[in-house]
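**Student:** here is a sequence together with a model predicted from it:
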Amino acid sequence: MHKIDIELVEMTLDVMKYAIDRISSTKHEIGKPQKEEELKRLVGETITAEGIGGENAFNLWKKHLMKANVPIDHPRHLAFVPASPTRAAVMFDLVTSASSIHGAYWMEGAGGIYCENEAMKWIVSLTGMPEGSFGVFTSGGTAANLSAIVTAREFWRSLDNKNRSEKGLIMTSIGAHSSIKAMAKVMDVDVILVETEGRLEAKALQRTISQLTEHQRQRLFAIVATGGTTNAGIIDDLDGIANFCKQHHLWFHVDAAYGGGALAAKSVRHLFNGIEKADSITIDPHKWMFSPYDCGAVIYKNMNLAKDAHSQHGSYLDIFKDEGAHGFNPADYQIQLTRRVRGLPLWFSLALHGTNKYESAIERGLELAQIAGRLIRENPKLELVREPSLSCVLYRRIGWKPEDYTHWTYENHKKGFALVAPTKWKTGDNFETVSRFCFINPDTTEQDIQMILDSMF
Ligand SMILES: Cc1ncc(COP(=O)(O)O)c(C=O)c1O
């Protein structure tokens, strides 16, 4: 398996050709999922004692399996939070794989980690956090949120011995991403949700905190604000919440996994004021910074606290802490030990294009949301649920019931035309099903948006 022969060389050329086609193509088809039984029928047994051969396996991939995926970078993929990795970043993902770098410790991955850190310096500079703040790339927003809140919890426990035997408590709003609750479950931490899908403000936190019992107040250690909610692109009152946290001695975490890219956009940067006061921030380069999957980032004001929480110890790891191996060790600041240098594709793309191009591509996402807003306003059968926020647009097709939205989503997907999924918007006690766009891909056009809207009639 590890020797070089003519078959390997031919296979390498085939794989390179596929990668070149994929990277340079402007027309991707929106694939559709198939039932597992159907995929099995199409491709047969692929894992056998003797192997089915590279050419055969690769052909099955191209002919059947690849087509059962939805390319996340399709310009009419506007559901969930899509992605749109730059071609340079995708290319360098190949280099990252081919280079076999262990990205946990400087001793083994100095060159790769150096590049990651250069990209990270740019991201940290966008936040305006004080000198000494820094971060590390993670597998995504969930892992970044988990790493940050574990750090916060460990810090809280270190403050008072009483806290060591207590179950922690955090507060956030119902607009926060599902990963906050998931991560709290992993940590066995309780969550109190402030009942607003709109902008979370310090006033609401003040009201909620005043209703806590003394014991709950003692267990409360962090507030999670959102810098761009997944559903609607809403940015919480970061400055007000920062001051609230300072007053109540609470850790201030900002989940900007989706919205963080917009820190680079001058037109909306002011909406994030206060983020610079955060103790930790999550930003996902695989969302609005055009990195391939998977690439999240967690940034800390005080890196030593993250190190206290995450640094692993074992006699087999002692060598990494030796003088001769000194340098930045990403394993010390988040939950993962062995890791891919997943910030490397972002570094290459940033180095190649420069940060100005990132700024314009992100501004384009914001502009597309405004264009969609205008097209919706111009159509008497459509209505904005709220003004576009960041690159999210929520709108209703007047007269439609929830099942009409679902049917429309499936029809468009089935035709390979677009993927736009419905969501729910809460007003009072009522959850209304509406349609939602989230723009990331700068290649999406006004015509794409118009065609999708037209398909509702
Ligand atoms: C605000 C927010 N936080 C966290 C996440 C989770 O990120 P990931 O899917 O990279 O783990 C998302 C994903 O959409 C998100 O939008």
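**Tutor:** Cool, got the structure.
**Student:** residues of the stretch 251-400 of the chain that sit close to the ligand?
**Tutor:** Within the stretch 251-400 of the chain, the residues that sit near the ligand (C-beta under 6 Å from any ligand atom) are Asp255, Ala257, Tyr258, Asp284, Gly296. C-beta coordinates here come from the backbone N, C-alpha and C atoms, glycine included.
**Student:** closest one to Tyr395 out of those residues, please.
**Tutor:** Compare each of those with Tyr395 using C-beta to C-beta and the shortest gap goes to Tyr258, at 18.8 Å.
**Student:** are we agreed that Ala225 is in a strand?
**Tutor:** Yes - counting by DSSP: H, G, I helix; E, B strand; the rest coil, Ala225 is part of a strand.
**Student:** and it, how far is that from His253?
**Tutor:** Here the criterion is C-beta to C-beta, to the nearest Å. By it, Ala225 lies 7 Å from His253.
**Student:** can you tell me how far Leu352 is from the ligand?
**Tutor:** 24 Å (C-beta to the nearest ligand atom, to the nearest Å).
**Student:** sorry, wrong one. I was asking about Asp318.
**Tutor:** 32 Å.
**Student:** number of residues surrounding that residue?
**Tutor:** 10 (other C-beta atoms under 10 Å).
**Student:** quick check: phi and psi on it?
**Tutor:** phi -60, psi -40 (degrees, to the nearest 10).
**Student:** equivalent analysis for Asn356, please.
**Tutor:** phi -60, psi -40.
**Student:** same question for Leu305.
**Tutor:** According to degrees, to the nearest 10, Leu305 has phi -70, psi -40.
**Student:** any chance you could map the strands in the stretch 101-250 of the chain?
**Tutor:** In the stretch 101-250 of the chain, the strands defined using DSSP state E, counting those that start in this stretch lie at 134-138, 169-173, 190-194, 220-226.
**Student:** quick one, which of these gets closest to the ligand.
**Tutor:** strand 220-226 (5.8 Å; C-beta to the nearest ligand atom).
**Student:** what's the offset of that closest one from the middle of its chain?
**Tutor:** Centroid displacement of strand 220-226 relative to its chain, using C-alpha atoms, centre = their mean, to the nearest Å, is 19 Å.
**Student:** parallel or antiparallel, list what pairs with it.
**Tutor:** strand 169-173 (parallel), strand 251-255 (parallel) (DSSP bridges).
**Student:** could you say which of those is packed most deeply?
**Tutor:** strand 251-255 (a mean of 28; mean count of other C-beta atoms under 10 Å).
**Student:** return it as PDB; C-alpha atoms alone will do.
**Tutor:** Taking Å, rounded to 0.1, in the frame of the first residue of the first chain, the C-alpha atoms of strand 251-255 are listed here in PDB:
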ATOM      1  CA  TRP A 251     -17.100  35.400  31.500                       C
ATOM      2  CA  PHE A 252     -18.200  37.100  28.200                       C
ATOM      3  CA  HIS A 253     -18.200  34.800  25.200                       C
ATOM      4  CA  VAL A 254     -19.300  35.900  21.800                       C
ATOM      5  CA  ASP A 255     -20.400  33.200  19.300                       C
END
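**Student:** after it, next one along is what?
**Tutor:** Proceeding N to C from strand 251-255, the next assigned helix or strand is strand 280-283, under DSSP states H and E.
**Student:** lovely, talk soon.
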